[in-house]
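Undergrad: What follows is a predicted structure for the sequence shown.
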Amino acid sequence: MSKVPDDFKTNIVVAVLTLVVGMVAFAGSVIAQTNGEVAVRRVLVEDAAAFERGDIAALNRIWANDESVLVFESGHANYGWKDYRDNHLVPEMKEIKNTKYTLSDIKVHMAGTTAWATFKYAISGDIGTRHIDSGGLGTAVLEERQGRWQIVHWHSSAPRRAPAQATTPAKKQ
């Protein structure tokens with residue numbers, strides 16, 4: 001039986017170790033990304049729950065509290081957290097009673113300390129004597145800041161409503 005040269009054994013050991021180290025690094029990256037995706041999804045679900053409860057204190061923790069916040073909702077824009085909170089969120093939460101707000105089909109994408117997610121939303125509640133049921137699509141951008149994922153951008157839109165049917169005046173006879 002021939003003896004395997006020592007340098008061949010060394011090359012095999014190095015190759016196996018390199019493969020193992022690469023697999024561990026890859027697994028660590030996948031786990032970190034998965035944990036990030038879970039954290040981002042949790043923030044988005046908590047955002048919907050806080051809105052549903054009318055909990056501005058929770059929303060203050062979920063959103064970045066600075067001028068980087070940008071919200072586009074159904075053709076309207078808010079620039080900065082203060083503008084969005086004071087001129088959109090708080091008045092809307094006061095106006096809608098018996099609120100139900102859920103997100104579904106959340107798809108999270110990660111790139112370092114930035115994440116973006118697409119989702120479907122459904123919202124219902126009472127405004128005065130009128131009941132609303134609506135839904136649509138959205139995109140959120142989050143940044144990891146000081147170990148916490150915070151929302152910095154939100155864009156949502158509902159499907160266009162069908163135009164009201166025009167009534168034709170009755171013909172004079």
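TA: Received, thanks.

Undergrad: The protein: helices as residue ranges?
TA: Applying DSSP state H to the chain gives helices spanning 6-53, 56-62, 81-84, 90-95.

Undergrad: Contact partners for Gln150?
TA: Val43, Ile62, Trp63, Ala64, Leu142, Glu143, Glu144 (CB atoms under 8 Å, 6 or more residues apart in numbering). (C-beta placed from N, C-alpha, C; glycine too.)

Undergrad: Quick check: the residue nearest to the last one when sequence neighbours are not counted vs Glu143, distance?
TA: Looking back up the chat, that one is Glu144. Among residues not flanking Glu144 along the chain, Thr113 sits closest, at 4.1 Å (CB to CB, 6 or more residues apart in numbering). Plainly put, Thr113 is 6 Å away from Glu143 if you go by CB to CB, to the nearest Å.

Undergrad: Would you mind telling me which of these two has the busier surroundings?
TA: Between Thr113 and Glu143, counted using other CB atoms under 10 Å, the more crowded position is Glu143 (16 against 11).

Undergrad: From Leu103, how far off is the residue nearest to the more buried one when sequence neighbours are not counted?
TA: Spatial nearest neighbour of Glu143, chain neighbours left out: Val152 (5.3 Å); criterion: CB to CB, 6+ apart. From Val152 across to Leu103, the span is 17 Å (CB to CB).

Undergrad: got it, and Ile56?
TA: In terms of CB to CB, Ile56 sits 19 Å off from Leu103.
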